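Novice: sequence first, predicted coordinates after that:
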Amino acid sequence: MVLRFYLAVEYFIVTRFLRNGVNPFMHALFRAPIFFYRIGLGGMVGKQILLLTTIGRETGKLRVTALGYGYDTASDTYHVMTGWGGKTDWLRNALANPTIHVRVGARQFDGIAELVSEEQGMAIMREVARINRLAPQMWSRLSGIPFDSSDESLRQLVAYFPSLRLRPGKGRP
């Protein structure tokens, strides 16, 4: 029930308020989960949102971003998807320096970020669409790419919404 409510709210916010990029109100809203984690309430949002710490590719400073995720228990791997045609700072930072830190609920680990292949990205998007029927509409609205469930439309969406695999490993940002 909570997950369905969260997904409906996410769809509403994204389709109504993000047409022209992130404004200051939306920026504050996106950063709110970071505040919840910092005051010890990460468990409240940890089932949907993790914190990814990357190293700034230009500044070398630690950068924290709150992201929705999927989790694969078999491989102990988290998957995150970017927007904005892959032009997000956290993605560019992770690609420039894949050493990352992840905090999800009470769990924390240092790890490695890896760009997923096109086929893996398509599988992730299929799974997200299965769980969240509103996701394909949201992707189409944000990207301008019509989604018709075909492999070709999925390929176009994967290119617009690159995904990373976050897995425990060596190193610390």
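Specialist: Done, it's in. Residues are numbered from 1 along each chain as shown.
Novice: show me what the longest strand along the chain is packed against.
Specialist: Ordering each strand of the chain by length in residues (DSSP state E) puts strand 107-115 first. Judged by 3 or more Cβ pairs under 8 Å, 6 or more residues apart in numbering; DSSP states H and E, strand 107-115 is in contact with helix 89-96, strand 99-104, strand 163-168. All C-beta spots, glycine's among them, are computed from the backbone N, C-alpha and C.
Novice: can you do 7 Å?
Specialist: Applying 3 or more Cβ pairs under 7 Å, 6 or more residues apart in numbering; DSSP states H and E, we find strand 107-115 packed against strand 99-104, strand 163-168.
Novice: which neighbours does the last one have in its sheet, and in what orientation?
Specialist: Yep, that's strand 163-168 we're talking about. Looking at strand 163-168 with DSSP bridges, its partner strands are strand 77-81 (antiparallel), strand 107-115 (antiparallel).
Novice: what's the answer for the first one, then?
Specialist: The pairing partners recorded for strand 99-104 under DSSP bridges are strand 49-55 (antiparallel), strand 107-115 (antiparallel).
Novice: check residue 87 and give its pLDDT.
Specialist: Residue 87 carries a pLDDT score of 86 in this model.
Novice: for the one 4 residues further on, same thing?
Specialist: The predicted local distance difference test score for residue 91 is 96.
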